[in-house]
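Visitor: Model the following, please.
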Amino acid sequence: MESELARLTINDEEEEVLQFQFESQIGREVGVF
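Guide: Predicted coordinates for the structure are as follows:
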């Protein structure tokens, strides 16, 4: 049970990081044009 909860927490953090990287990448592309 605890390991499952920890895995969910890690997944949430990874998704936030991926979302941040995705948004910053779009921001750079928009800044170029």
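
Visitor: what about the helix or strand that contains residue 24, distance to the chain center?
Guide: If you go by DSSP states H and E, residue 24 is part of helix 2-32. Here helix 2-32 is found 0 Å from its chain centre; the criterion is Cα atoms, centre = their mean, to the nearest Å.

Visitor: That one - what's its average pLDDT?
Guide: For helix 2-32, the mean pLDDT works out to 82.

Visitor: same for it, what does it pack against?
Guide: Contacting helix 2-32 under the criterion 3 or more Cβ pairs under 8 Å, 6 or more residues apart in numbering; DSSP states H and E is no other helix or strand. The C-beta positions use only the backbone N, C-alpha and C, and glycine is treated the same way.

Visitor: Okay, residue 7 and residue 18: tell me how far apart.
Guide: Going from residue 7 to residue 18 by Cβ to Cβ, to the nearest Å gives 16 Å.

Visitor: Sorry, slip of the keys, the one I care about is residue 26.
Guide: For residue 26 relative to residue 18 (Cβ to Cβ), the value is 13 Å.

Visitor: what do you get for residue 9?
Guide: Using Cβ to Cβ, residue 9 is found at 15 Å from residue 18.

Visitor: ok, now residue 11?
Guide: Separation of residue 11 from residue 18 (Cβ to Cβ): 10 Å.

Visitor: cool, residue 25 as well?
Guide: As judged by Cβ to Cβ, residue 25 and residue 18 stand 11 Å apart.

Visitor: Repeat that for residue 31.
Guide: According to Cβ to Cβ, residue 31 and residue 18 sit 20 Å apart.

Visitor: So these two - more neighbours on which side?
Guide: Legend: neighbour count by other Cβ atoms under 10 Å for residue 31 and residue 18, higher for residue 18 (10 against 7).

Visitor: if I pick that one, what's in contact with it?
Guide: By Cβ atoms under 8 Å, 6 or more residues apart in numbering, the contact list for residue 18 is empty.

Visitor: Likewise for residue 14?
Guide: Applying Cβ under 8 Å, 6+ apart, no residues contact residue 14.
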